[in-house]
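please find the sequence and the predicted model below.
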Amino acid sequence: MLKNYTNVFINLVDDALFEEKAFFEELEQDKIMIEKKIFEHFKIFYNSNQNNMKELFKEYIKEFILMNKNNFTMSTSKLFDISKQIHIDYLLGDCKEERFNIYYSISKALQHYGIYSEDKICDLSNTVFWKKLIKKLYLLYFISKNSFLKIIEHNFIKENSTLVESLKYFKNNTSFKIDCIDGNIVFKKCQEMKIIKFIEKKLQQIDIFEFLSFILIQKRNDRRIPFNYIINLALKNIHLSNLKKSNDKIFKTIVTLFINFINLYQLRSFNMWEYMYIDEQNIEEKLKKQVLHLNLYSLSYPLNTDTLIAYINNLIGNEILNKEFKNKFGFSMHELTTFLINTDKLSKNANIIKIDLKYFKELEKIVSFFSVDSKVINKNYLIPTSLVNIENLFIHNPIIKHKNTYYLVGFKYFKMNFYNALVEKIRLNFDSKVTTKIGNNIDTYVKHIFSNKNFDIYSDKYKTTKNNKPLECDLVIKLDDKIIFIENKNKGLRKESYSGSSIHILQDFIRAFATSQFQLLRHEKNLLDNKQLIFENGKILTYNNEKIIKISLSPNNWYSIMNNLPRNIIHALTNIRFTFKQNVPIEVEKEFTKTNKDLQKLTDIILELDKNYNIDDILFNSLFIPLELLSENENDKKAIEYIIGLLYLKNDITNIYDGYNNYKKLH
């Protein structure tokens with residue numbers, strides 16, 4: 001049975017305060033001598049002229065805690081969980097205000113007063129330790145003489161309020177009684193599945209196509225709505241829909257049910273400001289939260305169809321592939337492009353596009369290629385935080401076949417699903433190395449983008465004046481006062497990562513970001529040390545104190561993760577290494593050992609740079625952006641200026657495109 005730390009803590013507080021009731025009442029009666037009595041009670045030596053008795057008592061409490069360090073087995077994060085649950089109980093009306101003030105204040109005191117910030121402390125099962133500590137923390141309130149407990153009363157956390165709203169919703173509107181223990185929802189056996197089946201039953205009683213149209217006209221940035229989860233679960237249930245009810249009032253009721261269900265996972269209150277404090281202790285959990293938020297909530301940025309076509313033509317398209325493609329799939333890249341352009345025109349006025357092949361026989365091969373039957377789309381799509389066993393994902397099947405009619409859902413937002421589907425089908429059918437080839441094509445495409453803007457660009461292999469060993473560089477752009485290094489890594493999130501496996505998310509992120517940052521930092525060090533990079537084509541890049549900016553580029557959109565502060569992220573990564581349990585599979589150990597080597601390379605180059613240069617400034621001038629952003633703004637002469645602006649403008653947004661557009665509006 002799951003241990004309820006909050007209940008244990010509350011019982012300890014009640015016991016400690018009851019046992020010391022006479023002493024506390026005595027102190028209350030003689031407030032003038034309260035400090036003297038407390039210090040004499042604990043035999044703490046103090047100078048009668050000492051001004052700050054509170055600081056002296058705080059130090060005494062810290063020493064008391066450290067005296068027991070051999071018994072530290074509980075994470076101090078448990079105290080955060082406890083204070084969170086106490087706040088939730090108060091908002092639910094299960095805890096009176098007077099008791100809430102006491103419980104909450106004592107649970108937060110170590111952090112609030114800055115007394116103790118280490119990772120471990122004695123477990124609550126050590127009742128002797130905790131009763132003594134609770135007594136001291138309660139007395140600290142007496143010494144402080146300010147309204148610490150009353151101030152805490154008003155420290156309402158938005159996330160807790162949202163969770164409480166949803167707990168009340170399920171209590172008042174359904175038969176489900178949902179437990180919250182230590183700040184987290186704990187579903188009873190099969191309860192999570194029962195709630196999902198309850199939602200699916202509601203979906204099956206309406207016209208799901210009409211419902212999807214209703215969802216897709218909502219504001220994309222409405223953070224309450226879990227767009228992705230709603231759309232994917234609705235798609236899974238199309239074949240069971242009776243296609244009858246098409247009432248906005250009913251649709252709103254179902255959306256409210258979705259909102260309150262997904263609120264239970266506590267991902268809605270995601271905000272970028274908390275990611276300013278990312279470190280090696282919390283990076284794994286914070287990245288996981290961002291990925292799950294992406295999976296459940298964020299609608300993709302509505303890219304231009306030209307960007308999709310540019311991806312297909314520049315990253316996949318080549319003469320040999322085009323020929324094989326026609327032979328394998330029965331239509332050419334040109335025919336596909338024409339289809340996408342025509343689809344774009346239709347999508348201007350409709351979020352659901354209906355294609356009846358009786359009237360569009362010439363489209364049959366293309367439509368069939370990208371389609372999946374409604375009976376099997378998103379097969380096994382159920383629990384929001386466990387998506388690893390899904391089959392026939394919408395992301396790889398952007399057209400749904402339902403009763404001999406084909407439907408395109410939300411082309412405005414999901415058009416890149418055509419690119420994802422194309423890559424996946426090529427990989428499975430005739431070129432298993434297509435992703436490697438795409439990586440090589442990205443370099444050529446990015447050079448093409450910047451060549452068209454008449455920038456002074458450098459690329460490929462270079463040497464330094466002190467080292468004849470050539471190094472590879474994807475691209476350098478020389479501006480009047482800036483030098484921009486760009487490195488591409490064609491690494492995205494694997495299925496395990498999308499399902500919320502934090503260790504796989506972290507590893508995928510290291511492969512995409514940390515490895516490219518190592519290369520970029522090495523280029524910067526070579527330029528700073530040698531003042532020149534000599535490229536094999538004869539061009540020489542000379543350094544004259546320009547600002548050096550480093551851009552990690554990915555053909556995969558990492559959404560809000562790309563908004564994180566690279567400096568903080570990089571520092572966190574240098575303090576991480578994967579360790580292995582006994583009997584770990586050899587392949588897994590081999591894979592993560594390689595990742596450890598990548599992290600060591602990053603650490604080493606940072607240590608080398610730190611010897612002679614300001615490492616914080618160097619790491620500040622780093623970015624992580626999607627190739628889509630370059631492609632989308634290929635014809636904007638000021639695009640590079642706006643991209644650089646992302647260094648200075650950090651927004652509480654879930655998509656880097658919105659940050660780019662915000663900076664563009666300001667300039």
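Arrived safely.

mean confidence for stretch 53-61?
Averaged over stretch 53-61, pLDDT sits at 90.

and the gap between the most centrally placed residue in the chain and Ser144?
Against the mean C-alpha coordinate of the chain, by C-alpha atoms, centre = their mean, the closest residue is Gln290 at 1.5 Å. Per C-beta to C-beta, to the nearest Å, Gln290 is found 38 Å from Ser144. To be clear about C-beta, it is placed using only N, CA and C from the backbone, and glycine gets the same treatment.

so where is the stretch 501-650 of the chain shaky, pLDDT-wise?
650 (pLDDT under 70).

ok, residues contacting stretch 121-129?
5, 8-9, 12, 15, 65, 68, 71-76, 78-79, 130 (C-beta atoms under 8 Å, 6 or more residues apart in numbering).

just the buried residues from these, in ChimeraX please.
Buried residues within these, by 16 or more other C-beta atoms under 10 Å, are selected in ChimeraX with:
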select :5,8,9,12,65,72,74,78,79,130
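
quick one: which of the contacts of stretch 121-129 sit in helices?
With DSSP state H as the criterion, helices contain Tyr5, Val8, Phe9, Leu12, Asp15, Ile65, Lys78, Leu79, Trp130 from among the contacts of stretch 121-129.

measure the fifth one to Ser368 for me?
So that's Asp15. Asp15 is 70 Å from Ser368, by C-beta to C-beta.

still on that earlier bit, for the contacts of stretch 121-129, work out which two are farthest apart.
Greatest spatial distance in those: Asp15 and Ser75, 23.0 Å, computed using C-beta to C-beta.

re earlier: for the residue nearest to the centre of the chain, give me the pLDDT.
So, for Gln290, pLDDT stands at 88.

surely it meets Asn563?
No - between Gln290 and Asn563 there is no contact under C-beta atoms under 8 Å: 9.0 Å.

for Ala572, which residues are in contact?
Contacts of Ala572 by C-beta under 8 Å, 6+ apart are Ile278, Asp279, Glu280, Ile283.

how many neighbours does the last one have?
Yep, that's Ile283 we're talking about. 23 (other C-beta atoms under 10 Å).

and the third one, by the same measure?
Around Glu280 there are 13 other residues, counting by other C-beta under 10 Å.

so it sits right up against Arg577, yeah?
No - the criterion here is C-beta under 8 Å, and Glu280 misses it with Arg577 at 9.6 Å.

model confidence for Lys21, exactly?
The predicted local confidence for Lys21 is 92.

what's in contact with the strand or helix carrying Leu292?
Assigned by DSSP states H and E, Leu292 falls within helix 283-296. By C-beta under 8 Å, 6+ apart, the residues outside helix 283-296 that reach it are 226, 228-229, 262, 265, 267, 270, 274-275, 278, 384-385, 387, 493, 497-498, 500, 502-503, 505-506, 509, 559-561, 569, 572-573, 576, 654.

from these, which land in strands?
Under the assignment DSSP state E, these contribute nothing to strands.

and those, which are buried?
In the contacts of helix 283-296, the ones that pass as buried (16+ other C-beta under 10 Å) are 226, 228-229, 262, 265, 267, 270, 275, 278, 384, 387, 493, 497-498, 500, 502, 505-506, 509, 559-561, 569, 572-573, 576, 654.

against Asn557, how distant is Ile569?
17 Å.

for stretch 657-667, C-alpha coordinates in PDB please.
Provided in PDB are the C-alpha atoms of stretch 657-667 (Å, rounded to 0.1, in the frame of the first residue of the first chain):
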ATOM      1  CA  TYR A 657       7.600  30.000 -33.500                       C
ATOM      2  CA  ASP A 658       5.500  32.100 -31.200                       C
ATOM      3  CA  GLY A 659       8.700  33.400 -29.600                       C
ATOM      4  CA  TYR A 660      10.100  34.200 -33.100                       C
ATOM      5  CA  ASN A 661       6.900  36.000 -34.100                       C
ATOM      6  CA  ASN A 662       6.800  38.000 -30.800                       C
ATOM      7  CA  TYR A 663      10.400  39.200 -31.300                       C
ATOM      8  CA  LYS A 664       9.500  40.100 -35.000                       C
ATOM      9  CA  LYS A 665       6.500  42.200 -33.900                       C
ATOM     10  CA  LEU A 666       8.700  44.200 -31.500                       C
ATOM     11  CA  HIS A 667      11.200  44.900 -34.200                       C
END
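
same question for it, mean pLDDT?
Averaging pLDDT along stretch 657-667 gives 87.

buried residues, it. List them.
Neighbour-count burial for stretch 657-667, counted by 16+ other C-beta under 10 Å, picks out Tyr657, Asp658, Gly659, Tyr660, Asn661, Tyr663.

closest one of these to Lys136?
Gly659 (46.5 Å).
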